[in-house]
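[1] need a 3D model of the sequence below.
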Amino acid sequence: MPSEVDVIFSSGETRDVELEFKNVKVQVKVKDLGWTEKNNILSKCFAYQTDGAMSFDFSKYMRMSLLKIVVSLMVAGTVVPIDEVFFARLNPQFGAMLEKLVPQAFEEVKTNDFFVKKSDSL
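    Predicted structure coming up:
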C-alpha cells in the first residue's frame, strides 16, 4: 500500500487506452509524463532568436511527449513502433486522437493568481 507521501510523485504505472479509428481498434498503453520530463521537453521546444523573440514548436512537443508517454501501440495484434517514421506516416485524424493523450503544454493562467494585485475597493 502506497504511503501518503507517494501522492506527490508520478506513479510510473501504465494504463490502457483503446482508440477506434476507421472501425479498427487500436490498443495504446500509456504512462504519465513526469514533471522533469515535461519541463525538459518544453525547454527543447522553445527557440530563441538573437533579437529576443522566441517561438514554441507544438509539433515537436507532441512528438517528444508521445515518444515518452506511449509505452506500446498495437493494431490487430501487431505492435507498431513509435519513432520518427511513425510520425511521418501518421494519418492526421489519428494523430489528432493521439494528441488528446498528451498533457497540455501550458496551463491556463488564472486571474486570481497571487502575482495579480487585488483591489481593496471591491
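
[2] how about the most centrally placed residue in the chain, phi and psi?
    The geometric centre of the chain, computed from its C-alpha atoms, lies nearest to residue 102 (Cα atoms, centre = their mean), at 2.6 Å. With angles defined as degrees, to the nearest 10, residue 102 sits at phi -90, psi 130.

[3] OK, contacts around it?
    Listed by Cβ atoms under 8 Å, 6 or more residues apart in numbering, the contact set of residue 102 reads 33, 61-62, 65-66, 69. Just so you know, the C-beta spots here come from the backbone N, C-alpha and C atoms, and that holds for glycine as well.

[4] switch to 6 Å and redo it
    62, 65 (Cβ atoms under 6 Å, 6 or more residues apart in numbering).

[5] touching, residue 64 and residue 41? I think so.
    Yes - in this structure residue 64 lies within contact range of residue 41 using Cβ atoms under 6 Å: 4.6 Å.

[6] strands of the protein, start to end?
    Taking DSSP state E as the test, the strands found in the chain are 14-21, 24-31, 46-48, 54-56, 70-75, 78-79.
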